[in-house]
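Enquirer: Pasting the sequence and the predicted coordinates here, then a few questions.
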Amino acid sequence: MKPPNFSWLFLCPCFLVVSGDGGTGEETWAKFANLPYPEDNLFLHDTFPEDFIWSVGTSAYQTEGGWSQDGKGPSIWDTFSHQQLSCNGDVASDSYNNVEGDVSAIKSLGVTHYRFSIAWSRVFPDGLVSNLNEAGLSHYTHLLQRLRDVGVEPIVTLYHWDLPQTLQDLHGGWINETLVDLFSQYAEFCFRTFGDRVKYWITIDNPYVLAWQGYGTGQLAPGIQGTLTAPYTAAHNLIKAHAKTWHIYNDHFRQSQQGYVSIALASHWVGPKNGDINPETVHLCQCSINSVLGWFAKPIFLDGDYPTCMKDNLKSLLPAFDDAEKLKIKNTADFFALSFGPLSFRLLDSKLLFNQSKKYQLRQLLSWIQIEYNNSKILIVENGWDVSSSNTKTADVYNMYALKNFLMDVLKAIKYDGVDVIGYTAWSLIDGFEWDVGYSTCRGLFYIDFQSKRKERLPKSSAFFYRQVIQDNGFPPVPENKPITGTFPQSFIWGISEDVIQVEMSPTTPQFVDRNIYQWDINGTGKLVKIKGVIGSIRKAQCTDYTSIRQEIHLLQDTHASHYQFSLNWSLLLTMGESTQDIRANLRYYKCYVSELLRANVTPVVVLYHPTLEDQQLPSTLEAEGGWMNTATMKAFVEYARFCFTHLGDKVRLWITMSEPNGIKHFERYRANFTI
């Protein structure tokens, strides 16, 4: 397999070298390709460790609002969103003015911990510790006290992407090593001021996205499309800033405060393309993870140096740590703070997949980290997904499903793989500003109407689900979940459902549509040769002449199913009551389909209308008149049903009028009001 071209991603014309770093993380792909099936895929009814950390999180710019309130200085996200985006976090969820609303939501979940970030420019408007904003300090002091009042421990992030704009203007941001000292001074103030109430500190959130998208592509604040070396220089300084901050805590605060410090590292997961696990594809997968997660994790958790894969390919573009710096950087994290969410995939340059496949598998990543980084204790500081749109209110069943799957991944990693996961943070507490996509997606456990003044926090389905999981400390075994054995009743119906069948307008068996006569040229080419001047007759088409029907019935018979459910396409059968030649052809196909099912001893179950399917839309004339918001559509549906019953009813005994009507297009805007 030829290595992929890096293009400008690695900003280097050389080929990809897939040398390793001597770790054993490469074992992960083979391990998970050989798990017992189906046992390993089954839902695991078990509980998390007794001292497991149950957390929920937010970040300052995404939720606080109050962007210029009470002396707060502008951040790079204030500037970037004002100048380059169509929306901003000026008000967002208004958490700055609604601490009580947030604390009430936190308390209702029953979490043990709450992760939030301090807005650097709210405490120090220009980023310098010589210029303290008392109002900002009071805000975080009050928040910490309220958390203590309700028995929730804080996990505090010092920097979640919102650099004071003054530091960007004066120094160019993180490409300037001056920020290493400025950040560590800010961090030292926070340790001294808040450290008696904070046991878990995160220095910097997701430095990969910060460096690459902030100083390389310019997709995120500060929006710089930098020089060839800019993102690597920024990352270099971020690592130094973290390490210096860790040493400050370790040398001056650990003994008295007994806390823990780490850096939140985000990652995707990747698998060999087409499941082809071999040494070459595994090397490429390993390099993919090392080029994102390992970029920061290897220096901090192992040896103070970058992954070999990166050094071999970037050459002089990648800054180097000297020996003294390596000693200062390595082992500067007290636990592994992991972020795994949509940003890890959406903001990942596709070239970093090295022609392999994205995989949304948290369990495999946890196992890889355990193997690669010496059984580190892992605290998941951000996890969740963004499958809910801005139209979703409290019925976020898709986010709830994703949350359940990720929690199951974590539980299996602990119970089956022996990974030392000490806690989990659901992201996020409330709907907020989602960076470059604004308010188009909602990740909160609590819904917020951003157009309202009160910004009331309303619990979603996922909030109730998460609360129950926390209350049960997982998914404890109960009697009704125990495996049972037995047989179904003799009259039990075993069926198969197919959403859509593709209608053929005419029979496709060639011998009945071609009137020519042929003979075999057995002594020459061995092909069929047309006999000139001889014309045969064409018999009438039969149901068996539809190739697709024959093929599908054959496959269906192999399953031994007794019933088969499929949907009719309203648009193909009735257009406001007008019968056309095409409609007759479509009806003939459906009649044949039903007849052939019966000949194969399979009972048809026919759905008249399945609105959630893309190609099962209303007839265009009805759609143009307002669809289901117009009572004429109801009358038209009755006529359509009468038509189907009349022409197919002699062969169909089981009918379904509508399948999943909650998916009807015109209900979409109201669907979020429905309660699970």
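Expert: Happy to help now that I have it. Residues are numbered from 1 along each chain as shown.

Enquirer: and stretch 401-410, how far out from the chain's middle?
Expert: Distance of stretch 401-410 from the chain centroid (Cα atoms, centre = their mean, to the nearest Å) equals 11 Å.

Enquirer: Next: stretch 371-390.
Expert: On Cα atoms, centre = their mean, the centre of stretch 371-390 falls 11 Å from that of its chain.

Enquirer: looking only at pLDDT, what's the mean for that stretch?
Expert: Taken as a whole, stretch 371-390 has an average pLDDT of 91.

Enquirer: buried residues in that stretch?
Expert: 371-373, 376-388 (16 or more other Cβ atoms under 10 Å). For the C-beta atoms, the positions are set from N, CA and C on the backbone; glycine is no exception.

Enquirer: Which one of those residues is nearest to Phe80?
Expert: Relative to Phe80, the closest of the buried residues of stretch 371-390 is Asp386; by Cβ to Cβ it sits at 20.2 Å.

Enquirer: Show the contacting residues for that closest one.
Expert: By Cβ atoms under 8 Å, 6 or more residues apart in numbering, the contact list for Asp386 reads Gly341, Pro342, Asn399, Glu434, Thr441, Cys442, Arg443.

Enquirer: For Phe475, see how far away it is.
Expert: Distance, Asp386 to Phe475, using Cβ to Cβ, to the nearest Å: 24 Å.

Enquirer: now swap in Leu143 and tell me
Expert: 32 Å.

Enquirer: same thing with Leu293?
Expert: 28 Å.

Enquirer: okay, those two: which has more neighbours?
Expert: Using other Cβ atoms under 10 Å, the more surrounded residue of Leu293 and Phe475 is Leu293, with 27 against 19.

Enquirer: Quick check: that one touching Ser267?
Expert: Yes - between Leu293 and Ser267 a contact is recorded at 3.7 Å, counting by Cβ atoms under 8 Å.

Enquirer: and stretch 606-623, how far apart are its ends?
Expert: One end of stretch 606-623 sits 23 Å from the other (Cα to Cα, to the nearest Å).

Enquirer: just how off-centre is that stretch within its chain?
Expert: Between the centre of stretch 606-623 and the centre of its chain there are 29 Å (Cα atoms, centre = their mean).

Enquirer: and that stretch, what's its mean pLDDT?
Expert: 82.

Enquirer: Give me the buried positions along it.
Expert: 606-611, 613, 616-619, 622-623.

Enquirer: got a pLDDT number for Trp67?
Expert: You'll see Trp67 listed with a pLDDT of 98.

Enquirer: From Glu456, how far out is it?
Expert: Here Trp67 is placed at a distance of 21 Å from Glu456 (Cβ to Cβ).

Enquirer: Just want to know which of these two has more residues nearby.
Expert: Trp67 (24 against 12).

Enquirer: you'd agree that one is in a helix?
Expert: No - according to DSSP: H, G, I helix; E, B strand; the rest coil, Trp67 belongs to no helix; its state is coil.

Enquirer: re earlier: from the buried residues of stretch 606-623, which two are the most distant?
Expert: Val606 and Glu623 (22.6 Å).

Enquirer: where in the protein is pLDDT low?
Expert: Filtered on pLDDT under 70, the chain yields the residue ranges 1-23, 508-513, 539, 575-579, 613-616, 663-676.

Enquirer: Which parts of stretch 219-226 count as buried, going by neighbours?
Expert: Leu220, Ala221, Pro222, Gly223, Ile224, Gly226.

Enquirer: Could I have the CA atoms of it written out in PDB?
Expert: Provided in PDB are the C-alpha atoms of stretch 219-226 (Å, rounded to 0.1, in the frame of the first residue of the first chain):
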ATOM      1  CA  GLN A 219     -11.000  27.700  11.100                       C
ATOM      2  CA  LEU A 220     -11.100  28.600  14.800                       C
ATOM      3  CA  ALA A 221     -10.000  31.600  16.800                       C
ATOM      4  CA  PRO A 222      -7.700  33.400  16.500                       C
ATOM      5  CA  GLY A 223      -8.300  32.600  12.900                       C
ATOM      6  CA  ILE A 224      -4.700  32.600  11.700                       C
ATOM      7  CA  GLN A 225      -3.700  30.900   8.500                       C
ATOM      8  CA  GLY A 226      -0.200  30.800   9.700                       C
END
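
Enquirer: Leu353 touches Pro272, doesn't it?
Expert: No - counting by Cβ under 8 Å, Leu353 does not reach Pro272; the two are 10.9 Å apart.

Enquirer: Report back the residue of this structure that's furthest from centre.
Expert: What lies farthest from the middle of the chain is Gly533; by Cα atoms, centre = their mean that is 65.7 Å.

Enquirer: Name the helix or strand for that residue, please.
Expert: strand 528-535 (DSSP states H and E).

Enquirer: List the contacts of the next helix or strand after that strand.
Expert: Moving toward the C-terminus from strand 528-535, the next helix or strand (DSSP H and E) is helix 547-559. For helix 547-559, the surrounding residues in contact (Cβ under 8 Å, 6+ apart) are 496, 498, 501-502, 504, 508-509, 543-544, 564, 589, 592-593, 596-597, 600, 602.

Enquirer: List the buried residues for helix 547-559?
Expert: Within helix 547-559, the residues scored as buried using 16+ other Cβ under 10 Å are Ile549, Glu552, Ile553, Leu556.

Enquirer: What's the first helix or strand after that helix?
Expert: strand 563-567.
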